[in-house]
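In: sharing a model prediction with you, sequence too.
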Amino acid sequence: MSRIRTLIDEATIASKVKELGKRITEAHRGHELVLVPVLKGSFVFAADLARAIDLPLSIEFFACRSYGDGTESSGVVQITYDLTKPIEGKHVIVVEDIVDTGLTMTYLMENLATRKPGSLELCALLHKPARTKVPVTIDHLGFTIEDVFVIGYGLDYGEKYRNLPYLGVLEPE
Ligand code: IMP
Ligand code: MG
């Protein structure tokens, strides 16, 4: 068993998500948005973020698998669930839990860009700059964190801990 150290508590996450929602609302005044949460990790963040945005919006999920050795993504990305509607001319905001090496997001943003959206932005809850392999523009960022493996608030370790209401770090006993 491992202990969980709190990295970012519930109240801090909630106020940051409200702030991101407000910023997105102001930046896109007059637009209708398409939120694209990247499954599975961003399902909790996206649910809260959607309710913090005061604009008409629709949700289109996207899921991909990145081949690698388990903890490290390789940049070879397979789409496992695609958008159900065209996004041509739409104002799209991709919602991601964490940008780590940047390989997944680079692939995904390039893929979505070929579908000719009216605008395409990335909103990520977390960024680990120490692990960057490919720089990714994050238009709306929650928190920059150190190089630790985080769980909770949608993020998993071996598919567990997604239901933790806060962001934590697993520590050996
Ligand atoms: P990237 O291609 O290395 O940027 O991979 C990003 C993906 O790896 C994220 O969308 C997460 O699914 C996963 N990931 C990266 N770091 C963590 C972490 O600290 N905890 C949980 N999942 C992570
Ligand atoms: Mg993810």
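Out: Received the coordinates, thanks. Ligands and ions are numbered 1, 2, ... in the order given.
In: what residues are up against the residue of the chain found nearest ligand 2?
Out: Minimum separation of the chain from ligand 2 (Cβ to the ion) falls at residue 41, amounting to 3.6 Å. Using the backbone N, CA and C atoms, a C-beta is placed for each residue, glycine as well. Shown in contact with residue 41 (Cβ atoms under 8 Å, 6 or more residues apart in numbering): 96, 97, 98, 154, 155, 156, 162.
In: burial measure for the fourth one, as a count.
Out: Right, residue 154. When neighbours are counted by other Cβ atoms under 10 Å, residue 154 registers 24.
In: residue 136: what secondary structure?
Out: Here residue 136 is coil, with the state taken from DSSP: H, G, I helix; E, B strand; the rest coil.
In: nope, residue 34 is what I was after
Out: strand.
In: which stretches of the chain aren't confidently modelled?
Out: Residue ranges of the chain with pLDDT under 70: 1, 67-73.
In: re earlier: intersect the contacts of residue 41 with the contacts of ligand 2.
Out: Checking these against ligand 2 by Cβ under 5 Å from the ion, the ones in range are residue 97.
In: whichever of the contacts of residue 41 end up buried, select them in ChimeraX.
Out: For the buried members of those, the matching ChimeraX selection, counting by 16 or more other Cβ atoms under 10 Å, is:
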select :96,97,98,154,155,156,162
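In: up against ligand 2, what does the protein have?
Out: So far as Cβ under 5 Å from the ion goes, the chain lies against ligand 2 at 41, 97.
In: helices of the chain, start to end?
Out: Along the chain, counting by DSSP state H, helices occupy 10-27, 43-52, 103-113.
In: mind putting these in CSV, mean neighbour count included?
Out: Converted to CSV, these look like this (neighbours: other Cβ atoms under 10 Å):
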stretch, mean neighbour count
helix 10-27, 16
helix 43-52, 19
helix 103-113, 18
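In: between those helices, which one is closest to residue 131.
Out: For these, the distance to residue 131 is smallest for helix 103-113, at 10.1 Å, taking Cβ to Cβ.
In: quick one: list the elements packing against the closest one.
Out: Judged by 3 or more Cβ pairs under 8 Å, 6 or more residues apart in numbering; DSSP states H and E, helix 103-113 is in contact with strand 33-39, strand 62-68, strand 73-81, strand 91-99, strand 119-127.
In: residues in contact with residue 94?
Out: Contacts of residue 94 (Cβ under 8 Å, 6+ apart): 36, 38, 62, 105, 108, 109, 112, 120, 121, 122, 123.
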